[in-house]
Structures are given as C-alpha cells and as structure tokens.
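Trainee: Next one to model:
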Amino acid sequence: MPDIPTDLDWIRAAPEGEDGPGPWIEVAFGPEDLVYLRETSDLGNVVTTTQQKWDAFVLGVQAGEFDHFAELDTHNPAT
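Mentor: Next comes the predicted model:
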C-alpha cells in the first residue's frame with residue numbers, strides 16, 4: 001500500500017449547507033493518479049484507488065448503477 005501524502009487537499013462530500021461533523025466522505029486527489037477516500041469519523045482509515053477506477057465509479061453513480069443501495073427498506077420503517 002502506498003504511503004499517504006500528508007499535503008492532500010481533502011474535499012468533503014456533504015449535502016449543500018451541511019456544516020456539521022457528519023460523518024461525511026472526503027476525497028483527495030494525489031500524485032501518480034491516486035485517489036484517496038476517508039470518512040470524517042475515522043480520518044486514519046484511508047482507502048486508495050486509481051483515477052481510472054474512481055472515474056468509472058463516478059460514471060456508474062451518475063448512470064444510476066448503485067441506486068438500489070439507496071432504496072428504503074419498506075419492511076423496516078426504522079431504516
């Protein structure tokens with residue numbers, strides 16, 4: 001696993017107007033076409049992927065390929 005650069009510019013993926021602590025996902029784009037992801041509640045746990053894989057993921061999200069993960073559970077109203 002590559003070392004995580006200390007000078008990354010983290011971008012918080014939070015709904016517009018949300019200023020609270022989250023937890024939110026943060027993304028940083030580093031050298032050598034690497035992309036870093038972390039959750040604000042666990043800043044030391046960083047996932048690393050490539051720019052190519054990140055781009056494919058973003059295109060999949062935009063195309064609705066992951067919408068089934070966001071569907072509400074109609075059998076359990078508490079979720």
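
Trainee: going forward, measure contacts between C-alpha atoms and count neighbours the same way
Mentor: Will do.

Trainee: Let me see the contact set for the most centrally placed residue in the chain.
Mentor: With distances taken as CA atoms, centre = their mean, the residue of the chain nearest its centroid is I25 (4.4 Å). Applying CA atoms under 8 Å, 6 or more residues apart in numbering to I25 gives the contacts R12, A13, A14, L37, R38, E39, T40.

Trainee: tell me the phi and psi of it?
Mentor: Torsion angles at I25 (phi, psi; degrees, to the nearest 10) stand at phi -90, psi 140.

Trainee: shaky segments in this protein?
Mentor: By pLDDT under 70, the weakly predicted segments of the chain are 1-2, 72-79.

Trainee: Could you pick out the longest strand of it?
Mentor: Longest strand in the chain by number of residues (criterion: DSSP state E): strand 42-50.

Trainee: Direction included, what does it pair against?
Mentor: Paired neighbours of strand 42-50 in the sheet (DSSP bridges): strand 34-39 (antiparallel).

Trainee: And the helices in the chain, which stretches?
Mentor: With helices called from DSSP state H, the chain shows them at 51-62.

Trainee: before we move on, the earlier item: can you list contacts of the longest strand of the chain?
Mentor: D33, L34, V35, Y36, L37, R38, E39.

Trainee: That one: which residues count as buried?
Mentor: Residues T48 are the ones in strand 42-50 that count as buried (16 or more other CA atoms under 10 Å).

Trainee: Now do it: distance to the chain's middle.
Mentor: Its chain's C-alpha centre and that of strand 42-50 lie 9 Å apart, by CA atoms, centre = their mean, to the nearest Å.

Trainee: Kindly report the same for stretch 41-49.
Mentor: Remark: stretch 41-49 is offset 10 Å from the chain centroid, using CA atoms, centre = their mean.

Trainee: All set, thanks.
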